[in-house]
Each structure stands twice: as structure tokens, then as C-alpha cells.
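S.K.: after the sequence you'll find the predicted model.
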Amino acid sequence: MVKIAALLGDFYHSAPEAKAGLEAAVAKLPNKENIQIKYVSHEQLSQALDEKPDLFINAKMDQLNPKEDPAHTWLTEELDQKLVNYAEEGGSILAWHAGLAGYPVESGYIKMLHGYFDYHPPGLQEVTYLLKVGEKTGNDSFTIMDEQYFVVCDEWNTEVDLWSTGVHGDSLAGWKHLFGKGKVCCYTPAHTREGMLNKYVRMLLTQRFQWLLEKSFNG
């Protein structure tokens, strides 16, 4: 059985919508009948990592109450180190949309991701995503209504495979790399349920699952 632990949803992002997008992508995997998804809260994450899942998906920003001052965060020093150790020892991590947002730049988690969310223009915009040559969706680009994430990325130490462009400019939108014995992937689409269920967003997410879980699928 291939085990996935998923941390979804925060003040700005709906957990049920992310769950729908995640499960739609997993449903397209050839090994879907052998995949078990466990949804966890940030309070349950430490124990979930102790169980050594094949993949951890983070789609939750760090701030628990971003509209308040001070804002409280969930990524403790202990959890930060635990996530780094998990990947170094062979675990796979997907930082999906909000999973890139609000974390301390100096944290081990962000250093491991080689990138982080910087800002996005207010509201939803038409965003065109441009694929790396060889990505298999049938199109080399697609457009959805989305929050266009502008990111900071150490692109020299990762493989960028997705870009975004919109009225406010251009940014990177996806990248992946090895980390210790594990794998790390960052993917910025999408913010809404409609965006997450878009066939191209879903297909690219499925491809990332295949890459992250390749070792688990092959035994």
C-alpha cells in the first residue's frame, strides 16, 4: 500500500476544495487502488511523519490567523526539522499552492523547497501556465482564473518545469529536485475548486505524483 499524508486548508484556502483536486489527480494514477490518503491536521503531523508515509502533501500556509496581530503559526522548530529529516531519509514532499506561503525564509522547510511564495495580485486573474517541453497534457499552455503566485526560487538548484504569465507579469510556477534520499516538488496552481479540477491542472498534478511516488510504485 502506498501511503499519502495530506495537510490541507487554511484561513484563505478551502480544505474540501483542495481535497477534491487532490483526489481527482490521484484517481488518474495507474496504481490508484493501492493508494491510501490520510488527511491530517497540523497537530497530527508529527505523528503522521513518524508513520513514514511515501508522500507528504502540504497545502496549508503557516499563519493560522493571518488577519490578527500577532498571527500564530503552526510550523514549530521541531516540526521544521522533522520535515527536513523526513525528506533526507527518503520521503517525498509536495508543497502545493498555499504550502509555499507565509513560512520563514530561514526555515529548513523553505531552504529544502528552494523557493517560496512572495506575493500575488489581489483577486483572481487570467493566468496562463506554460509547460516545459515534453510535459504530456496535449497542450504546451493553458489558461485559468487563478491567484498568480509570484515566487522567489533558487532556480539554479532545482528543475523548473512550469511558468506563469498574466497581466501583472511572469513568474515560475513549478519545480522539482532531489533532496537527500527523497524528492521535493513545488506546484503553485490553483486557488479555486474549478481551477484545481481543470483537466490540465489535474494532469500536471498527477504527473508530479507519479514522479514523487516512483520509488514506491516500483517497490
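M.R.: Ah, there it is.
S.K.: could you identify the longest helix within the protein?
M.R.: The single longest helix within the chain, with elements called by DSSP state H, is helix 199-212.
S.K.: packing partners of that one?
M.R.: Counting contacts by 3 or more C-beta pairs under 8 Å, 6 or more residues apart in numbering; DSSP states H and E, helix 199-212 is packed against helix 15-26, strand 92-96, strand 125-131, strand 141-146, strand 169-179, strand 182-187. For glycine as for every other residue, the C-beta is placed from the backbone atoms N, C-alpha and C.
S.K.: mean confidence for the fifth one?
M.R.: Looking back up the chat, that one is strand 169-179. For strand 169-179, mean pLDDT rounds to 97.
S.K.: report the strands that pair with that strand, each with its relative direction.
M.R.: For strand 169-179, sheet partners with direction are given as strand 159-166 (antiparallel), strand 182-187 (antiparallel), following DSSP bridges.
S.K.: one step back: quick one: closest of the helices and strands packed on helix 199-212 to N85.
M.R.: strand 182-187 (9.8 Å; C-beta to C-beta).
S.K.: residues contacting the closest residue to F142 other than its chain neighbours?
M.R.: In space, F142 comes closest to Y200 once its chain neighbours are excluded; the distance is 4.1 Å by C-beta to C-beta, 6 or more residues apart in numbering. Contacts for Y200 (C-beta atoms under 8 Å, 6 or more residues apart in numbering) come out as Y129, T137, N139, F142, I144.
S.K.: gap between Y200 and S14?
M.R.: Going from Y200 to S14 by C-beta to C-beta, to the nearest Å gives 21 Å.
S.K.: near the closest residue to Q210 other than its chain neighbours, how many other residues are there?
M.R.: If you skip the residues right next to it in sequence, Q210 has L29 as its closest partner in space, 6.7 Å away by C-beta to C-beta, 6+ apart. As a burial measure, the neighbour count of L29 was computed by other C-beta atoms under 10 Å and equals 17.
S.K.: what about L29, which SS state?
M.R.: coil (DSSP: H, G, I helix; E, B strand; the rest coil).
S.K.: number the residues from 6 up from this point.
M.R.: Got it, first residue is 6 now, which makes that one L34.
S.K.: separation between it and D159?
M.R.: L34 is 29 Å from D159, where distance means C-beta to C-beta.
S.K.: list the contacts of E160.
M.R.: Taking C-beta under 8 Å, 6+ apart as the definition of contact, the neighbours of E160 are H119, G120, L177, W180.
S.K.: count of residues packed around K186?
M.R.: By other C-beta under 10 Å, 11 other residues sit near K186.
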